[in-house]
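S.K.: Sequence first, then the predicted structure, then my questions.
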Amino acid sequence: MKPLEINAETEQQLFFHNYARLPLDIDHGKGSFLYTTDGRRYLDMIAGIGVNAIGYGDERLVKAISEQAASYIHVSNLFMQRPQFELAARLLELSGLQRAFFCNSGTEAIEAAIKLARRWAAQTGDPEKREVLSLSNCFHGRSYGAMSLTAKPKYVEGYEPLLPGTGMIDFNDIEDLERKVSGRTAAVFVEFVQGEGGIHRVSDAFVKRLGELAAQHGFLIVADEIQAGCGRTGTFFSYEQFGVTPDVVCLAKPVGGGLPLGAVIGGDKVGGIFTPGSHGTTFGGNPVACAAGLAMVDVIYGDGLMQKAVETGAMMREAFEEMAAKYPQIKEIRQYGLMIGITVEREAKYYVEEALKRGVLVNATSVNVIRLLPPLSISREEAQLCIDTLDAIFSEEKA
């Protein structure tokens with residue numbers, strides 16, 4: 001087989017056309033930077049779409065992966081595996097919840113949580129208690145159940161019919177919340193900080209009322225911490241900032257240290273709902289991914305990265321607010337730790353392309369939002385490089 005050319009033409013020949021890939025052939029990463037095969041360096045302000053919480057090449061993470069891979073890479077969930085036990089114990093300790101289930105991704109975690117919620121509701125004896133709701137502008141994944149909760153036209157067009165018994169509450173609209181939930185509701189899924197939706201935070205008043213209605217009608221609150229979790233907003237779980245403990249929590253992205261891993265953790269209400277054979281996975285809880293995840297959690301705490309996320313994020317917000325005063329094309333800044341959204345006047349992909357030319361990788365979401373999800377380990381100097389790059393782009397655009 002002749003050597004492959006890594007370019008857009010070859011990609012079109014080899015793959016279904018469902019990704020708009022950046023034209024970079026990645027060779028390796030180090031710290032907050034990615035390096036291409038032709039020797040160019042890029043500051044990565046996307047971090048694998050929020051996955052690489054401790055950057056690239058951390059020796060502690062590499063060591064954990066190497067040591068576990070040398071022991072065994074996969075044995076299936078027919079066997080007890082120390083990496084699973086240790087990561088589960090750590091996540092339960094951090095959350096205060098009681099049971100864990102490992103899968104392969106955020107979408108799988110959401111699917112498992114939907115099944116868990118409906119099976120829990122079925123045990124109430126009410127056959128009508130099947131409804132699973134989410135909030136508008138959310139993103140929970142692309143499999144059928146997760147997509148049904150997301151329900152944005154661009155994600156669902158052509159895939160209907162969606163999962164029955166799903167619906168959507170208007171984001172931060174307490175009156176709509178009160179109209180939509182009832183005794184038929186099994187669960188409400190919430191991103192306490194919406195990621196794909198453009199970095200939007202659920203209001204304290206909405207969360208308070210949601211808790212009251214959950215107690216009144218007897219439904220579960222499921223926290224989607226897939227993007228906002230693992231320290232990104234300054235606490236390990238973003239819901240901690242609201243003073244609530246959900247019944248179920250979904251994790252993925254950083255939780256596997258860069259390897260495919262998702263998790264569902266649950267409290268007393270749902271602790272006995274899954275029984276042998278009621279749900280499962282071949283690869284979920286892969287021991288190498290669990291070892292990597294445990295190392296990642298240790299680094300986040302050992303290096304004080306949550307506090308660093310708060311401080312670096314505040315520094316970036318201040319700089320972007322100064323820019324907004326200069327450049328009318330910046331409409332709004334939203335920042336929660338190192339989860340940052342900049343709403344702009346035009347399509348944000350323009351800034352993605354311009355930043356790429358200058359060696360900085362940023363992301364566009366919700367059409368007109370520049371999204372920044374850098375490693376939590378990013379230095380202030382590296383953050384300043386991103387700030388200066390965007391400042392230069394806005395300045396040239398204004399001129």
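M.R.: Structure's in. What do you need? Residues are numbered from 1 along each chain as shown.

S.K.: Quick check: the closest residue to K349 other than its chain neighbours vs F219, distance?
M.R.: Spatial nearest neighbour of K349, chain neighbours left out: A364 (4.7 Å); criterion: C-beta to C-beta, 6 or more residues apart in numbering. Every residue, glycine included, has its C-beta placed from N, CA and C. According to C-beta to C-beta, to the nearest Å, A364 and F219 sit 35 Å apart.

S.K.: which of the two has more neighbours?
M.R.: More crowded of A364 and F219, by other C-beta atoms under 10 Å: F219, with 26 against 18.

S.K.: The spatially closest residue to that one that is not a sequence neighbour: how many residues sit nearby?
M.R.: Closest residue to F219 apart from its sequence neighbours, by C-beta to C-beta, 6+ apart: T185 at 4.2 Å. Neighbour count of T185, defined by other C-beta under 10 Å: 24.

S.K.: How about the secondary structure of L163?
M.R.: Three-state assignment for L163 (DSSP: H, G, I helix; E, B strand; the rest coil): coil.

S.K.: The nearest residue to it once chain neighbours are set aside in helix, strand or coil?
M.R.: Take L163 and drop its neighbours on the chain: the residue closest to it by C-beta to C-beta, 6+ apart is S148, 3.8 Å away. S148 falls in the helix class when you classify it by three-state DSSP.

S.K.: Helices of this protein, residue ranges please.
M.R.: 8-14, 47-50, 59-71, 82-95, 106-122, 144-150, 153-156, 174-180, 204-217, 287-302, 305-326, 349-357, 380-398 (DSSP state H).

S.K.: So which bits of the longest one are buried?
M.R.: For helix 305-326, a neighbour-count test (16 or more other C-beta atoms under 10 Å) marks 305-306, 308-310, 312-313, 316-317, 319-320, 323-324 as buried.

S.K.: Which member of these is positioned nearest H28?
M.R.: Distance to H28, by C-beta to C-beta, is smallest for L305 among the buried residues of helix 305-326, at 22.0 Å.

S.K.: pLDDT score assigned to the nearest residue to E321 once chain neighbours are set aside?
M.R.: In this structure, E321 finds its nearest non-sequential neighbour in I333, 5.6 Å apart by C-beta to C-beta, 6+ apart. At I333, the predicted lDDT confidence score is 98.

S.K.: got it, and the one 4 residues further on?
M.R.: Predicted confidence (pLDDT) for G337: 98.

S.K.: pretty sure it contacts A309?
M.R.: Yes. Using C-beta atoms under 8 Å as the test, G337 is close enough to A309 to be in contact (4.1 Å).

S.K.: which residues are in contact with both of these two?
M.R.: With contacts taken as C-beta atoms under 8 Å, 6 or more residues apart in numbering, G337 and A309 have 231-234 as neighbours in common.

S.K.: who wins for neighbours among these?
M.R.: Going by other C-beta under 10 Å, R232 tops the shared contacts of G337 and A309 with 31 neighbours.

S.K.: check contacts around it.
M.R.: Taking C-beta under 8 Å, 6+ apart, one finds 50, 53, 238, 254, 309, 336-339, 373, 376 in contact with R232.

S.K.: redo that, cut-off 10 Å
M.R.: 47, 50, 53, 193, 195, 225, 238, 253-254, 300, 305-306, 309, 313, 336-339, 373-374, 376 (C-beta atoms under 10 Å, 6 or more residues apart in numbering).

S.K.: ditto for R82
M.R.: Here R82 is in contact with 68, 71, 287, 290-291, 294 (C-beta under 10 Å, 6+ apart).

S.K.: Go again with 8 Å.
M.R.: Contacts for R82 (C-beta under 8 Å, 6+ apart) come out as P287.

S.K.: M296 versus K30, what's the distance?
M.R.: In terms of C-beta to C-beta, K30 sits 17 Å off from M296.

S.K.: neighbour-wise, which of these two wins?
M.R.: M296 (30 against 12).

S.K.: Give the burial count for the closest residue to the more buried one other than its chain neighbours, as a bare number.
M.R.: For M296, ignoring the flanking residues on the chain, the nearest one in space by C-beta to C-beta, 6+ apart is G257 at 3.9 Å. Using other C-beta under 10 Å, G257 has 29 other residues around it.

S.K.: what do you get for E345?
M.R.: What E345 shows, counting by other C-beta under 10 Å, is a neighbour count of 12.

S.K.: Would you confirm that it contacts Y327?
M.R.: No. The criterion here is C-beta under 8 Å, and E345 misses it with Y327 at 9.4 Å.

S.K.: want to throw the shared contacts of G337 and A309 into a markdown table with distance to G271?
M.R.: Below are these laid out as a markdown table (distance: C-beta to C-beta, whole Å):
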| residue | distance to G271 |
| --- | --- |
| G231 | 26 |
| R232 | 27 |
| T233 | 27 |
| G234 | 29 |
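
S.K.: Now, those residues that are in strands?
M.R.: Residues of these located in strands (DSSP state E): none.

S.K.: which of these lies closest to G141?
M.R.: Nearest member of the shared contacts of G337 and A309 to G141, counting by C-beta to C-beta, is R232, at 18.0 Å.

S.K.: What separation do you get for the closest one and R371?
M.R.: Distance from R232 to R371, by C-beta to C-beta: 12 Å.

S.K.: just I49 next, same as before
M.R.: I49 is 9 Å from R371, by C-beta to C-beta.

S.K.: So for these two, which residue has more residues nearby?
M.R.: Neighbours were counted for I49 and for R371 using other C-beta under 10 Å; R371 has more, 25 against 14.

S.K.: My understanding was that that one contacts Q194; is that so?
M.R.: No. With contact defined as C-beta under 8 Å, R371 does not count as touching Q194 (10.8 Å).

S.K.: related to what we said a few turns ago, who's in contact with the residue nearest to F219?
M.R.: Here T185 is in contact with 129, 131-133, 217, 219 (C-beta under 8 Å, 6+ apart).

S.K.: Which ones among those residues lie within strands?
M.R.: Per DSSP E, the contacts of T185 map to strands at 131-133.

S.K.: Quick one: which of those residues is the most crowded by neighbours?
M.R.: Neighbour max across the ones in strands among the contacts of T185 (other C-beta under 10 Å) = V132, 25 neighbours.
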